[in-house]
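J.: Build the 3D model from these lines:
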Amino acid sequence: MLIAFSGAQSSGKSTLLEKCKELDELKGYFFVEEVTRRIKRENYVPINNDSDNYDYTQALIVSDHIKNMALKNAVLDRCALDGYIYTRYFYEENKVSRLLYNFAFDTYYYRAIQQYNIIFYTDPNIPLVDDGERSIDSDFRHRIVTLFENEIKMMRRTIETRNIKTSIVTLTGSVDERMELIRKTLKDAH
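T.: Residues are numbered from 1 along each chain as shown. Modelled structure (predicted):
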């Protein structure tokens, strides 16, 4: 089973991934930390809205999401939906090429939707936290959240009309409330 967390920056994905490592339902699963921060460290490239070469940075990120789609029994902190949303934002800002935007879109729509068993979308109604890496620009975050929410609606329709087996679960509330919904979803999936 391939499980992913998805959502805007500072919406609780990494916290939930860490807590999931303690769940009996996920014993033996491989956990993938957030792609973007690792790419920043390994390739010495700026991320979020601080890049000077958005095509390169976004190509690395989307490529890593493709690699992660081949994993089995894994829990991911972010997925191809995230790669697509951020690439779309930068495309709308004229910061990435049409070629890269199409690559991210094709990866997301034609490959990713069917690869994930469960996508946990983390509701962004928690405060932005400055960790020194993620953007704390509230306008940037608002636009990212809007893109996610619009895309999640369309994705749910696509899943329903094409009879795709992927589940999208929106996580809201406190960390404990979110973890309770994760446990229930995992129990129902097994």
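J.: pLDDT of stretch 5-13, averaged?
T.: Stretch 5-13 carries an average pLDDT of 88.
J.: Regarding it, how distant is the last residue from the first?
T.: End-to-end distance for stretch 5-13: 6 Å, by C-alpha to C-alpha, to the nearest Å.
J.: List the buried residues of stretch 142-155.
T.: For stretch 142-155, a neighbour-count test (16 or more other C-beta atoms under 10 Å) marks 143, 144, 145, 147, 148, 151, 152, 155 as buried. Where C-beta positions appear, they are placed from N, C-alpha and C, glycine not excepted.
J.: The protein: strands as residue ranges?
T.: Listed in chain order, the strands of the chain (DSSP state E) span residues 2-6, 30-32, 74-77, 118-122, 167-171.
J.: so which of the ones you listed gets nearest residue 178?
T.: strand 167-171 (4.2 Å; C-beta to C-beta).
J.: now for the closest one, which elements pack on it?
T.: With contacts defined as 3 or more C-beta pairs under 8 Å, 6 or more residues apart in numbering; DSSP states H and E, the secondary structure elements packing on strand 167-171 are strand 118-122, helix 138-162, helix 175-189.
J.: a markdown table for the strands of the chain, including distance to residue 22 and mean neighbour count?
T.: Rendered in a markdown table, the data for those read as follows (distance: least, C-beta to C-beta, whole Å; neighbours: other C-beta atoms under 10 Å):
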| stretch | distance to residue 22 | mean neighbour count |
| --- | --- | --- |
| strand 2-6 | 15 | 25 |
| strand 30-32 | 11 | 15 |
| strand 74-77 | 12 | 23 |
| strand 118-122 | 16 | 24 |
| strand 167-171 | 17 | 17 |
